[in-house]
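Asker: Test case, fold it:
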Amino acid sequence: MLAPFFTLAAQSPGRQRTFRNLVVVHILLLVGTAWGLSRMDDVRKPMVHLGHVMLVAGIVEGAALVGWRLAQMPKSQALEFLLVSRVAPHRILLAEALVGLSRLGLVTLAGAPVFAWMTATGYLDPSDGPALLILPFTWGALTGLGLTTWAYEPLRVRRWGEKIIMGLILVYLVVGVLAGEHLKNWLRWFSDDTERWVVNGFLAFHRFNPFAILYVWLQNEDGLPWTAMLWVQVGATTTVLLLLLRAMWRLKGHFHDLHYQPAIDRSGKRRRAVGDRPLAWWAVKRVMNYSGRINLWLIGAFGTVYAVYTVAGDAWPVWLGTRVFQLCDQMGGLAMLAAGLVTLAAVPAAFQYGLWDANAQDRCRRLELLLLTDLKGRDYWDAAVAAAWRRGRGYFAIAALMWLAAALSGQAGIGQVLTALAAGVILWGFYFALGFRAFAAGIQTNGLGLLLTLGMPLLTFVLGRTSGNGLAVLTPPGSVYYAGAGPLSWLGVGGAAVFAILTLGITRQALARCDRNLRQWYDHHHGSRVMS
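Answerer: Numbering: from 1, shown residues only. This next block holds a predicted model:
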């Protein structure tokens, strides 16, 4: 039963293109990070950052190879032919999940030769390589299947899940941020059993997570944490199996919810009018189906508290925690957080192909209708801008709050804040122009999106560590960070101006060729045998 699914994945041009792009990006990310960290004075400690970068990369790759594929699969009505065949729905999901996990494993193993070379040259211990392969793969699989299961759940379950996660975020803010190192003093108001339960739970969460385990493992100062590693792996693997079982059970029900259940709005809220830009109205509704409010709530709540702490300065109450904020200050402070938030805001601007359709067949069907209308390139541009900005504006607003806090606290002047704001706008516009140009040409943007949102910040970090801010400020994330972190640099202003000019040129070209490129793509793919 598995052979046809693996054969299709191996023969599909779109999926193979995505796979190859991820392999190249993975290797470049690993080599670039290792090269930059190896040039630092204390080699052993920076290798911890390599582990964290690989862990983040594994999570992103799991979301792209496993979560994206499985979440998009029920949207195609072609799945109905399989659901009514002799193959049970749960077996279909299991087969597709195994294909995605196999591809994720191959991408992860692409870094094995680099880890072997680093072990041979003394940068890593022999036990580090397996840990740098196993943990990213496991948590990438957990992320991909977690996103799939969340997408498959009924709307009512997702709403209750958001409420529960919102409560957990409040607990995290109170216990891990506001109380912080004074948690025991706060708990003296409660019984000894309650104090012991809360402290042990917080310490377990702090110590038994993949980032903490990998940090201790790569430091290797007090011996390898075999027990902690085993417990984390057992817990993660068990969670992966439970998520897989839930997704297998929900596939058919989710397909029926998408295609056969009536869409009824019971919220009672007044719906936004379609207006004279129906394509933009549709695009916004499409991307807000899974709006990602949880991530925004988390970073927004923490960013607001951090901004208040920075502005308060010495007036910050002594009974509130400061250790988390001091760690943030050591890692770049408000300027670093603002630059990261601007990059997050630009993620939907860079990944635009999936805004319209997940595969070539659905794209052909939609273009068959759209190309018969009087829509021009500007209409597609307006729709993509509305959708991308709707998804990213929250992160940009929090970044603006960070810059405001830097100005009020005296860490940055008005000129720096305005320059950083302008650099952030240019970064978002540059990423969007590249993403829209790729959309109009029918190019899958997974590789481009990863390069812009993950590879470019890494390049900025490596250049900043190896050559100072001279070259790092010439990258889009570097222009945002260094504008708010230090005195104004004409080199940084010039670099931002160059990217602004490039943005205008790419935009003009994309708008002029959009309609023609879409029609050429449709003529090339309509009626052809495509497998994606």
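Asker: Please make it C-alpha for all contacts and neighbour counts, starting now.
Answerer: OK.
Asker: Report the rounded mean pLDDT for the top helix by length along the chain.
Answerer: Using DSSP state H, we find that the single longest helix of the chain is helix 490-525. For helix 490-525, the mean pLDDT works out to 88.
Asker: which residues of this protein fall in strands?
Answerer: Under the criterion DSSP state E, the chain contains no strands.
Asker: per-domain residue ranges of it.
Answerer: Structural domains assigned to the chain are 1-260, 288-532, following automatic domain parsing.
Asker: residue contacts, Ala496?
Answerer: If you count contacts by CA atoms under 8 Å, 6 or more residues apart in numbering, Ala496 has them with Ala423, Ile426, Leu474, Pro476, Ser479.
Asker: buried subset of those residues?
Answerer: Buried subset of those (neighbour count, 16 or more other CA atoms under 10 Å): Ala423, Ile426, Leu474, Pro476, Ser479.
Asker: Pick out the most distant pair among these.
Answerer: The largest separation in these, counting by CA to CA, is between Ile426 and Leu474 at 12.6 Å.
Asker: Tell me where the chain is predicted with low confidence.
Answerer: Counting by pLDDT under 70, the ranges of the chain that qualify are 1, 39-46, 221-223, 262-269, 289-291, 353-355, 357-359, 445-446, 467-469, 527-532.
Asker: So which residue is dead centre in it?
Answerer: In the chain, the C-alpha nearest the mean C-alpha coordinate belongs to Val60, at 6.0 Å (CA atoms, centre = their mean).
Asker: Neighbours of the nearest residue to Gly447 once chain neighbours are set aside, how many?
Answerer: Excluding its sequence neighbours, the residue lying closest to Gly447 (CA to CA, 6 or more residues apart in numbering) is Asn21, at 5.1 Å. Counted by other CA atoms under 10 Å, the residues lying close to Asn21 total 19.
Asker: same deal with Arg363?
Answerer: Neighbour tally, Arg363, other CA under 10 Å: 19.
Asker: Double-check it against Trp356; I have them as touching.
Answerer: Yes: assessed by CA atoms under 8 Å, Arg363 is found in contact with Trp356 at 7.1 Å.
Asker: mind listing the helices for the stretch 1-150 of the chain?
Answerer: For the stretch 1-150 of the chain, the helices defined by DSSP state H, counting those that start in this stretch occupy 2-11, 13-38, 47-62, 68-72, 79-83, 89-109, 112-120, 128-152.
Asker: TSV please, covering those helices and showing distance to Val234.
Answerer: Below are the helices of the stretch 1-150 of the chain laid out as TSV (distance: least, CA to CA, whole Å):
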stretch	distance to Val234
helix 2-11	26
helix 13-38	26
helix 47-62	17
helix 68-72	24
helix 79-83	33
helix 89-109	18
helix 112-120	23
helix 128-152	10
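Asker: And those helices: which comes nearest Arg513?
Answerer: Distance to Arg513, taken as CA to CA, is lowest for helix 13-38 among those, at 22.7 Å.
Asker: Identify the residues contacting Ser156.
Answerer: Not quite, residue 156 is Arg, not Ser. By CA under 8 Å, 6+ apart, no residues touch Arg156.
Asker: let's see 10 Å
Answerer: Residues near Arg156 by CA atoms under 10 Å, 6 or more residues apart in numbering: Glu162.
Asker: any idea how far it lies from Leu327?
Answerer: 38 Å (CA to CA, to the nearest Å).
Asker: what does Tyr431 give?
Answerer: Counting by CA to CA, the gap from Tyr431 to Leu327 is 30 Å.
Asker: Sort out for me which of the buried ones among the contacts of Ala496 are in helices.
Answerer: Using DSSP H, the buried ones among the contacts of Ala496 in helices are Ala423, Ile426, Pro476, Ser479.
Asker: how about those residues in JSON lines, adding distance to Trp139?
Answerer: Compiled in JSON lines, those are given as follows (distance: CA to CA, whole Å):
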{"residue": "Ala423", "distance to Trp139": "34"}
{"residue": "Ile426", "distance to Trp139": "33"}
{"residue": "Pro476", "distance to Trp139": "29"}
{"residue": "Ser479", "distance to Trp139": "32"}
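Asker: And those residues, which is closest to His90?
Answerer: Among these, Pro476 lies closest to His90 (CA to CA), at 44.9 Å.
Asker: okay, now Gln233: neighbour count?
Answerer: Residues near Gln233, counting by other CA under 10 Å: 19.
Asker: how far away is it from Thr149?
Answerer: Distance from Gln233 to Thr149, by CA to CA: 20 Å.
Asker: cool, and Leu320?
Answerer: For Leu320, the distance to Thr149 - CA to CA - is 38 Å.
Asker: quick one, which of these two is more surrounded?
Answerer: Using other CA under 10 Å, the more surrounded residue of Leu320 and Thr149 is Thr149, with 23 against 17.
Asker: burial measure for the nearest residue to the more buried one once chain neighbours are set aside, as a count.
Answerer: Once flanking residues are discounted, Thr149 sits nearest to Ala247: 5.1 Å by CA to CA, 6+ apart. Ala247: 27 surrounding residues under other CA under 10 Å.
Asker: Repeat that for the one 10 residues further on.
Answerer: As a burial measure, Asp257 scores 17 neighbours (other CA under 10 Å).
Asker: Next: Leu203.
Answerer: Leu203 has 10 nearby residues by other CA under 10 Å.
Asker: just Val318 next, same as before
Answerer: Counted with other CA under 10 Å, the neighbours of Val318 add up to 9.
Asker: need the contact list for it.
Answerer: His182.
Asker: quick one, phi psi at it?
Answerer: phi -70, psi -20 (degrees, to the nearest 10).
Asker: and it, how far is that from Thr419?
Answerer: 34 Å.
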